[in-house]
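Enquirer: prediction below, plus the sequence it came from.
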Amino acid sequence: MRPHLREDFFLQTTRLATPLPAWEYHVHSTHSDGSALASEVIRYAVGAGIKRIIFTEHTEDELVGSGDWFSRYVEEMRRLQAQWSGVIDIRLGLEVPVMDFAGTLDLTDHMLREADFILGAVHAFPEGDWRTGYRNPAQAVDVEFRASMGLLENPLVDAIAHPGGVCNRYISSFPMELFEAIVIRAAERRIAVELNPAYHEPMRPYLDICRRHGAMISPGSNAHDPVQIGDAVRVLESVLISDQP
């Protein structure tokens with residue numbers, strides 16, 4: 001069963017309460033573009049009190065190691081899972097970019113068989129690199145929105161990474177009404193919405209939209225350095241605490 005079909009795998013906005021579970025669902029190691037070895041990430045996470053962690057290594061060739069990097073990744077994840085069993089729940093995940101507006105994902109059958117978690121993402125726009133300067137903000141917003149909506153039609157996707165984040169971080173503010181449209185469709189499809197403090201600042205309006213529509217939340221910090229682990233839950237908790245009388 002895919003994680004997005006399990007009610008206990010994600011934060012349920014219909015019953016959010018502090019303290020939130022100590023989960024981190026968006027982490028990178030040196031298997032892709034993270035700064036620390038996977039073993040170092042786990043040691044830090046355990047010390048920080050994290051109870052479930054999902055490694056979400058990239059699948060793009062330019063962001064991963066040479067040769068059969070994925071087999072090495074699987075081998076290390078299975079070893080770490082055995083080593084830390086009963087201490088921390090370790091999951092093998094992938095952050096997978098959408099390749100077109102129909103929701104096609106950049107992953108192999110081998111990756112799909114081994115992965116516990118598929119985090120769909122808009123990274124490079126389907127018809128070109130978002131880093132180029134020729135695209136105006138309105139075009140960028142339109143393309144990111146259409147790519148995100150296509151991603152939500154793929155039944156392999158467990159959660160959508162930082163919706164609106166490419167525009168928010170690199171180009172121009174992503175309209176909240178379009179973020180809301182993404183959340184509505186994600187809730188309908190039972191796909192979790194990643195709330196990520198690196199892209200969704202301030203967090204409150206994004207959380208409010210997710211709560212309004214009963215969307216599941218995937219707490220992801222996009223941690224490329226171990227010190228960032230747990231940021232998403234910490235920010236979400238701070239919002240919830242500020243709401244308390």
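Expert: Sure thing, it's come through. Numbering: from 1, shown residues only.
Enquirer: next one: the spatially most central residue of the chain from Ser218, what distance?
Expert: What sits nearest the mean C-alpha location of the chain, by CA atoms, centre = their mean, is Ala161, with 3.8 Å. From Ala161 over to Ser218 the distance is 8 Å, taken as CB to CB, to the nearest Å. (Each C-beta comes from the backbone N, C-alpha and C, glycine too.)
Enquirer: now the common contact residues for the two.
Expert: Shared contacts of Ala161 and Ser218, defined by CB atoms under 8 Å, 6 or more residues apart in numbering, are found at 26, 119, 194.
Enquirer: list the strands paired with the helix or strand containing the last one, with their directions.
Expert: Spelled out, it's Glu194. Counting by DSSP states H and E, the element that carries Glu194 is strand 192-195. As defined by DSSP bridges, the strand partners of strand 192-195 come to strand 159-160 (parallel), strand 216-219 (parallel).
Enquirer: other residues contacting whichever helix or strand comes after the first one?
Expert: On the C-terminal side of strand 159-160, the nearest following helix or strand under DSSP H and E is helix 165-166. Residues from elsewhere that reach helix 165-166, judged by CB under 8 Å, 6+ apart: 122-123, 125, 130, 140, 144, 174, 196, 198-200.
Enquirer: try 10 Å
Expert: 121-125, 130-131, 140-141, 143-144, 147-148, 174, 179, 194, 196, 198-200, 222 (CB atoms under 10 Å, 6 or more residues apart in numbering).
Enquirer: of those, keep whichever come out buried.
Expert: Those of the contacts of helix 165-166 that meet the buried threshold are 121-125, 130, 140-141, 143-144, 147-148, 174, 179, 194, 196, 198-200, 222, by 16 or more other CB atoms under 10 Å.
Enquirer: so which of those belong to helices?
Expert: Among those, the residues falling in helices (DSSP state H) are 140-141, 143-144, 147-148, 179.
Enquirer: where's the dip in pLDDT among the residues you listed?
Expert: Across those, the smallest pLDDT goes to Ala140, namely 86.
Enquirer: okay, the closest residue to it other than its chain neighbours: pLDDT?
Expert: Closest residue in space to Ala140, ignoring its immediate chain neighbours: Ile171 at 4.5 Å, by CB to CB, 6 or more residues apart in numbering. Here the pLDDT value assigned to Ile171 is 84.
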